[in-house]
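> Okay, predicted coordinates and the sequence, questions at the end:
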Amino acid sequence: MTATSEPLVQVQDLVKHFPITQGIVFQRQIGAVKAVDGVTFDVMRGETLGIVGETGCGKSTTARLLVRLLDPTSGHILFEGQDVGAHQKGDLKALHREAQMVFQDPYSSLNPRKTVGSIISEPFAIHGLLKGSGERRKRVQELMDRVGLNPEHYNRYPHEFSGGQRQRIGVARAIALEPKLLVADEPVSALDVSIQAQVLNLLRGLQREMGLTLVFIAHDLSVVRHMCDRVAVMYLGKIVEIADSDVLYSFPRHPYTGALLSAVPVPSPTGERRRQRELLTGDVPSPANPPKACRFHTRCPKAQSICSEEEPLLELKGTRTEAACHFPLTESEVKLRLPAALAANASNNDRHPDGVLDQSSSSSSPSST
Amino acid sequence: MSEPLLQVEDLRVRFSTEDGVVHAVDGISYTVDIGQTLGIVGESGSGKSVSSLTMLGLTRSQGADIEGRILFGGRDLVALPDAELRKIRGNEIAMIFQDPLSSLHPFYKVGVQLTEAVHAHRNVSKSQARARAVELLDLVGIPDPKRRVDQFPHEFSGGMRQRVMIAMALANEPKLLIADEPTTALDVTVQAQILALLDDLQSRLGMAIIIITHDLGVVAEITDQIAVMYAGRIVERAPTQAIFGSPQHPYTWGLLKSIPRLDSPRGEELVPISGRPPSLIKRPSGCHFHPRCPYVRDEHKRIDPRLEPVTGDPGHAVACLLSSELRSRIWHGLTLGESSATLRHLVVEDEHPVRAHAVPRVSEDGPV
């Protein structure tokens, strides 16, 4: 889209540990849930960055850290070059004019005792903008109209709206201050299938019009592919792979990404049953006690002894994909894992961007770093 | 297969509420053969869950008004007394629910909950029942079943809990398994595991499955037949291949076109279905889908379509008032990426001759 190469947000080695305590009066910390454990990525101005992963991989925590709803344990979040990781009250308020969030559950994220008008105008009240009530009302009604709500419903309460409409209210509230960054945490997963597309199209439309930078978090890989320019795949608090959407979906390098993509059911008339599924065995290990070295090695079909000894770094594999793996997938392995439809789609993308990459992948040896 | 395992005939379920009568299921009919898998697809409030809950008598005694017949092995489940139905429920017909956490009792060990199902229908000793519980956990792929049988539900992960639910359902080797959104609460990787498990169990145990879901991808994987429900009715019913290959109902088109897919070109605009599902208390007149249908004509607002076989394909039934020729032209256009707005002219152009004779047509349609 209109993504420039200039980063809006730079996340450096971000860590968030939630303490596990024991005792009632004297609480001792006996461990920590390592929700986010050292992630580094940039969000470019005007792009949509997707974050995918299974439950408990830390994607929602990352989202909350980005808009500073949570305090990071360590690491830096540079917003337009300024470190907002340690911001306190007043500075945070300034950050929240620039970075806003749309939440997953449209039922619990709206105050049931407030009218829609007051919910959407609350950002103005907090930031002391548009003091005249007539002015404020006019702006709120413009916003309601923009997100596809009837402006006459200004005085209604959230319970009078359907799930899709409530999510529109949430979006209107988030864009009220014309932020630069919008973080959407599973914005459509609570909605009915026929409504999802309405909200997705709304977000894309808003992004184009307002030049928003969007961080889009979802567990549905099809939705993420549809929405995002770049995608980061998280596993147990780490980013295991990050690449442009087209590249990631046509040629995943990390075995975990390959397994995720292979697990997505495709509503396809032919041959779906014959596809060779790669099933991951077992469950995600506990983030309180993640496996050593490469965290995926306990479930990885390609794991060798080095994977449990040395942690792979997130580094370039080929030209356009960064993956943290000692033994990235080769082209033939990808073909085996992904439905034929995907491979066909990949060849449609003019020229396979990583087509030249095969030599490098076959020679990829355990990195000595 | 001479006689179908399950035959649902013109089932209607209505609930009286303070706001009015909810027409949850409004005259649906389908059959399931032995060993077959039927997918019922629909959004929340389309009546897909109520229809199967009714089968097990779980909607009784709620001020529900149930009509029609559900024939299972020569017995009509709708008319069966509670005591008789209880012998079938959990024995010949079993059910898996959506949320595995709230469907398991947190106070009891998994083994106890599993043996309860066995004890309810069989006269077995404690140790036999326990052995059966271990066997069941092993069957559904839970590692170390001897140890796990003595654990509590909270010690299991989401996917493992769903496996326990499946094991409970399989305790008495049912002939029919009803799975209500079995994978909705799970991650894709776990979902793939559970679907593979169901597929595998079916081929080993030879049971029939009804899988209820909103996800067309899930049903594409494991079903033989699909019924699409909207506002309490089946609007399209066909073999799985036909639903995806040549769907006939505008609602099915909408579902197929409104979800992003991994195998479609990226950046393709999604075509949402406008509006939202109707209230089942005050349903739209005529075709219930007409307020959201891009191809609506005036007469569709009055005439109620019936589920009728598609010409040339007796296994494929659809409830739509458009002519089958027109439907195939529209679907062809949609697959080529044309928008429903541009395709609407097909319907409108076709309508012009009707407009010319508007007066006689109306009187003709009036009494319908």
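Received, thanks.
> any chance you could map the helices in chain B?
When assigned using DSSP state H, the helices of chain B occupy the ranges B:48-55, B:82-88, B:100-103, B:110-121, B:126-139, B:145-148, B:158-170, B:188-205, B:216-222, B:240-245, B:250-258, B:324-335, B:340-356, B:358-365.
> Pick out the shakiest of these, pLDDT-wise.
Comparing mean pLDDT over the helices of chain B, the weakest stretch is helix B:358-365, at a mean of 39.
> pull the CA atoms of stretch B:331-340 into CSV?
Below are the C-alpha coordinates for stretch B:331-340, written out as CSV (Å, rounded to 0.1, in the frame of the first residue of the first chain):
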residue,chain,number,x,y,z
TRP,B,331,-22.2,-17.5,-9.9
HIS,B,332,-20.0,-17.7,-13.0
GLY,B,333,-19.7,-13.9,-12.9
LEU,B,334,-18.8,-14.0,-9.2
THR,B,335,-16.1,-16.5,-9.7
LEU,B,336,-14.6,-14.2,-12.3
GLY,B,337,-14.4,-11.5,-9.7
GLU,B,338,-17.3,-9.4,-10.8
SER,B,339,-19.0,-7.5,-8.0
SER,B,340,-22.6,-8.3,-7.0
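> List the buried residues of that stretch.
B:331, B:334, B:340 (16 or more other CB atoms under 10 Å in any protein chain shown). Backbone N, C-alpha and C define where each C-beta goes, glycine included.
> Any idea how far that stretch is from the middle of the chain?
On the basis of CA atoms, centre = their mean, to the nearest Å, stretch B:331-340 sits 26 Å off its chain's mean C-alpha point.
> So it, near chain A or not?
No: Stretch B:331-340 lies apart from chain A when judged by CB under 8 Å from any CB of the partner chain; the minimum separation is 10.9 Å.
> B:R292 contacts B:S274, correct?
Yes: with contact defined as CB atoms under 8 Å, B:R292 counts as touching B:S274 (5.7 Å).
> If you count surrounding residues, which of the two has more?
B:R292 (20 against 13; other CB atoms under 10 Å in any protein chain shown).
> With adjacent residues omitted, what lies nearest to the more buried one?
B:G275 (4.3 Å; CB to CB, 6 or more residues apart in numbering or on different chains).
> Also A:N155?
Spatial nearest neighbour of A:N155, chain neighbours left out: A:T115 (5.1 Å); criterion: CB to CB, 6+ apart.
> Would you mind stating the distance between the one you found and A:R137?
A:T115 sits 11 Å away from A:R137, going by CB to CB, to the nearest Å.
> Now do the shared contacts for these two.
Common contact partners of A:T115 and A:R137 (CB atoms under 8 Å, 6 or more residues apart in numbering or on different chains): A:Y154.
> Quick one, grab the pLDDT at residue 22.
By default, I'm working from chain A. What the model reports for A:Q22 is a pLDDT of 84.
> Let me rephrase: I mean chain B.
90.
> and what of A:V284?
Checking the pLDDT column for A:V284, the value is 80.
> The spatially most central residue of chain B: what's it in contact with?
Among the residues of chain B, the one closest to the centroid is B:I40, at 1.9 Å (CA atoms, centre = their mean). When contacts are counted by CB under 8 Å, 6+ apart, B:I40 touches B:48, B:51-52, B:210-213, B:226-227, B:229.
> Kindly state the beta-bridge partners for it.
B:I212, B:A227 (DSSP bridges).
> does B:D313 really touch B:A242, like I thought?
Yes: counting by CB under 8 Å, a contact exists between B:D313 and B:A242, whose distance comes to 7.0 Å.
> which one of those two has more residues nearby?
B:A242 (19 against 15).
> Name the nearest residue to that one, sequence neighbours excluded.
B:H316 (5.0 Å).
> likewise A:E309?
In space, A:E309 is closest to A:A293, 5.5 Å off (CB to CB, 6+ apart).
> Where do the strands of the stretch 201-350 of chain A begin and end?
A:213-217, A:230-235, A:238-244, A:315-317, A:321-323 (DSSP state E, counting those that start in this stretch).
> ranking those by mean pLDDT, which is last?
When I compare these, strand A:315-317 is least confident, with a mean of 86.
> show me the contacts for the residue lying closest to A:A243 once chain neighbours are set aside.
Using CB to CB, 6+ apart and skipping residues adjacent in sequence, the residue nearest A:A243 is A:T321, 4.0 Å away. With contact taken as CB under 8 Å, 6+ apart, A:T321 is in contact with A:241-243, A:247-248, A:251, A:253, A:354.
> so B:G159 makes contact with A:L280?
No: between B:G159 and A:L280 there is no contact under CB under 8 Å: 10.3 Å.
> Need the residues touching each of the two.
Shared contacts of B:G159 and A:L280, counting by CB under 8 Å, 6+ apart, come down to B:Q193.
> if I look at B:I330, how far off is chain A?
According to CB to the nearest CB, to the nearest Å, B:I330 and chain A sit 18 Å apart.
> The residue lying closest to that residue once chain neighbours are set aside and chain A: what is the separation?
Distance criterion CB to CB, 6+ apart; nearest residue to B:I330, sequence neighbours excluded, is B:L343 at 5.1 Å. Separation of B:L343 from chain A (CB to the nearest CB) stands at 17 Å.
> Flag every buried residue along stretch B:291-304.
B:292-300, B:303.
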